[in-house]
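Q: Give me a model of this one.
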Amino acid sequence: MKIYIRSSSCISPQKTFGNEDFLTDVVEYNGTRLKAIEPDYKDFIDPKQIRRMSHIIKMGVAAAKDCLNQANIEMPGAIITGTALGCLEDTVTFLTRVVELKEEMLPPTAFIQSTHNTVSAQIALMLQCHQYNNTFVHKGISFESALLDAIMLFKENEADNILVGGTEEMVDASFKVLTRLGLYRRWPVSSLALLSPKANGTMGGEGAVFFLLTAQSSANSLAELTAIKTLYKPKDIQESIVSFLQKNSMKIDDIDLMITGKNGDLRNDRVYNQLGTSAFKNTALANYKHLCGEYPTSSSFALWLAANIIKKGVIPEIVIDKHIKGSAPKKILIYNHYQNKYHSLMLVSAI
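A: Just a heads-up that it's a prediction; the model follows:
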């Protein structure tokens, strides 16, 4: 069964939201984290509600509504989101008030909005959508799990025009903890120089990306989501990739472009470098985490990038790692892993 990406909307540290330019005006960050560039939320959310919404809820609702607007769809058949850490800002706020108020007379809003499914629930409430609504919290493959759930709904004829998204926010508390654990760098670096020279740690990131998936192709569709696979600590990733492609009647030489999850961390990038000099030595390579930062659902940014590369027929210079001359990419493989535990493969093709 074929699944098509009808539209997509991306809020990220780059000018990706409502911008006709495709990563031509790149924003450079100097530090250890990248912060999302937020739109004017009044265009998508009632101003009276905005002040009660946390950072991640506003990003998620705006991206979801913009995605639906692009596809001229008022009501999706299902809403599915993926997030690893959920609404951290509200969680921190609630726990702080528990201590400050000595567990008495606690305001309920922060607690209500601290659950992981708040974004998908808020979208449904605003749209008055009573259809299937689910949130996946599967660490580094949360977004991929949401996509797999949507695919199963399509195969069971349970829904059409499914809204799928990946959301994550970065707050001071989580950033400090993850920095101490060695995920993020302790010293400032330019985001555009993140991938070279390499060191231990990377830059933190955040964002919200939504896609409208459908089983029906149209002239305005961006691309086809051909296949997706998740793996946990694979023993031989090259063998897994070859097997994944074979199941989809393809081989490595059929891939026009591979988008990898390189993030500038020596430990993280080792597997990507090995693939780039062996199995994919004759394949064009691209990277994306120097634009959005590292976070558990960053693969949603990669899928947004792949879909737009196929639709526009051009690879932005800023993402190119190794360029192989040829025509516009028709088949793109996305390979990403989070902390070398949660690996995922996504195959995106031209319609």
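
Q: okay, CA-based contacts and neighbour counts for the rest of this
A: Fine.

Q: mind exporting stretch 126-141 as PDB, just the C-alpha atoms?
A: C-alpha atoms of stretch 126-141 as PDB (Å, rounded to 0.1, in the frame of the first residue of the first chain):
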ATOM      1  CA  MET A 126      -9.100  23.100  18.900                       C
ATOM      2  CA  LEU A 127     -10.300  21.300  15.800                       C
ATOM      3  CA  GLN A 128     -13.100  19.500  17.600                       C
ATOM      4  CA  CYS A 129     -11.700  16.300  16.200                       C
ATOM      5  CA  HIS A 130     -13.200  13.200  17.800                       C
ATOM      6  CA  GLN A 131     -11.300  10.700  15.700                       C
ATOM      7  CA  TYR A 132      -8.400   8.400  16.700                       C
ATOM      8  CA  ASN A 133      -5.800  10.300  18.800                       C
ATOM      9  CA  ASN A 134      -2.600   8.800  20.000                       C
ATOM     10  CA  THR A 135       0.900   9.800  21.300                       C
ATOM     11  CA  PHE A 136       4.000   7.600  21.200                       C
ATOM     12  CA  VAL A 137       6.700   8.000  23.900                       C
ATOM     13  CA  HIS A 138       9.400   5.600  22.500                       C
ATOM     14  CA  LYS A 139      12.500   7.600  23.300                       C
ATOM     15  CA  GLY A 140      14.600   8.000  20.100                       C
ATOM     16  CA  ILE A 141      12.100   6.400  17.800                       C
END
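
Q: What are the contacting residues of it?
A: Residues outside stretch 126-141 that contact it (C-alpha atoms under 8 Å, 6 or more residues apart in numbering): 74-85, 116-117, 120-121, 124, 142-143, 145-146, 230, 296-297, 337-338, 342-344.

Q: Next, count neighbours for residue 323.
A: 14 (other C-alpha atoms under 10 Å).

Q: which ones are touching it?
A: So residue 323 contacts 283-285 (C-alpha under 8 Å, 6+ apart).

Q: What is the end-to-end distance of stretch 215-232?
A: Using C-alpha to C-alpha, to the nearest Å, the end-to-end distance of stretch 215-232 comes out at 29 Å.

Q: Return the set of buried residues in stretch 26-43.
A: 29, 32-39 (16 or more other C-alpha atoms under 10 Å).

Q: Equivalent analysis for stretch 52-60, please.
A: Going by neighbour count (16+ other C-alpha under 10 Å), the buried part of stretch 52-60 is 53-60.

Q: where does it sit relative to the chain's centre, distance-wise?
A: 16 Å (C-alpha atoms, centre = their mean, to the nearest Å).

Q: So what touches that stretch?
A: Stretch 52-60 is contacted from outside by 11, 38, 41, 50, 87, 89-90, 118-119, 122-123, 165, 167-169, 207-210, using C-alpha under 8 Å, 6+ apart.

Q: Equivalent analysis for stretch 339-351, please.
A: So stretch 339-351 is contacted by 139-141, 144, 217, 221-234, 241, 268, 303, 306-307, 310-311, 330-337 (C-alpha under 8 Å, 6+ apart).

Q: Select only the buried ones of the contacts of stretch 52-60 in PyMOL?
A: Of the contacts of stretch 52-60, the buried ones can be selected in PyMOL as follows, counting by 16+ other C-alpha under 10 Å:
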select buried, resi 11+38+87+89+90+118+119+122+123+165+167+168+169+207+208+209+210
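
Q: Of all residues in this protein, which one is nearest the centre?
A: What sits nearest the mean C-alpha location of the chain, by C-alpha atoms, centre = their mean, is residue 300, with 2.0 Å.
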